[in-house]
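Engineer: Structure here, sequence nowhere to be found:
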């Protein structure tokens, strides 16, 4: 009986560890010239059976001017999921939910949207773009309604 209880406990422990998979959001790196508008992909890894996500994108507003978001790769993801109130300060909030509540899966490396910026200056420099928890904290929720850890990988726009 003790062995059975041990194995049962071990089984549930392993399931809990599996449920804690870290979801990665990676901002790409592209290059462009001053006054050019370029788009940077935001890709994912370990995006499996997710119901929702939220975070903030941040960039250096001295070199980049936000011009929009496009190429949505998730159901129910659109411009309305992005809060632009702080875009002039270099921040964009992101909130998405799977309205079907079925859980959405994407292939590792698949872009889920593109961020577009007009390059204002900084010739020869890189303007970094990354995720932050201010003002919207990280939260990724799977189909089992468990909050998963988020791994944020920054990208950049290299100014020619």
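Structural biologist: Right, received. Where do you want to start? Remember, it's a predicted structure, so these values are computed and weren't measured experimentally.
Engineer: Strands of the protein, start to end?
Structural biologist: Per DSSP state E, the chain carries strands over the ranges 23-27, 29-32, 37-45, 47-59, 64-70, 82-83, 91-97, 104-106, 110-119, 126-132, 139-142, 147-148, 150-153, 155-159.
Engineer: tell me what the longest one is packed against?
Structural biologist: For strand 47-59, the helices and strands in contact under the criterion 3 or more CB pairs under 8 Å, 6 or more residues apart in numbering; DSSP states H and E are strand 23-27, strand 91-97, strand 104-106, strand 110-119, strand 126-132, strand 139-142, strand 150-153. Where you see a C-beta, it was placed from the backbone N, CA and C, and this is true even at glycine.
Engineer: make it 7 Å
Structural biologist: Applying 3 or more CB pairs under 7 Å, 6 or more residues apart in numbering; DSSP states H and E, one finds that strand 47-59 contacts strand 91-97, strand 104-106, strand 126-132, strand 139-142.
Engineer: To residue 159, which of these lies closest?
Structural biologist: Ranking these by proximity to residue 159 (CB to CB) places strand 126-132 first, at 6.6 Å.
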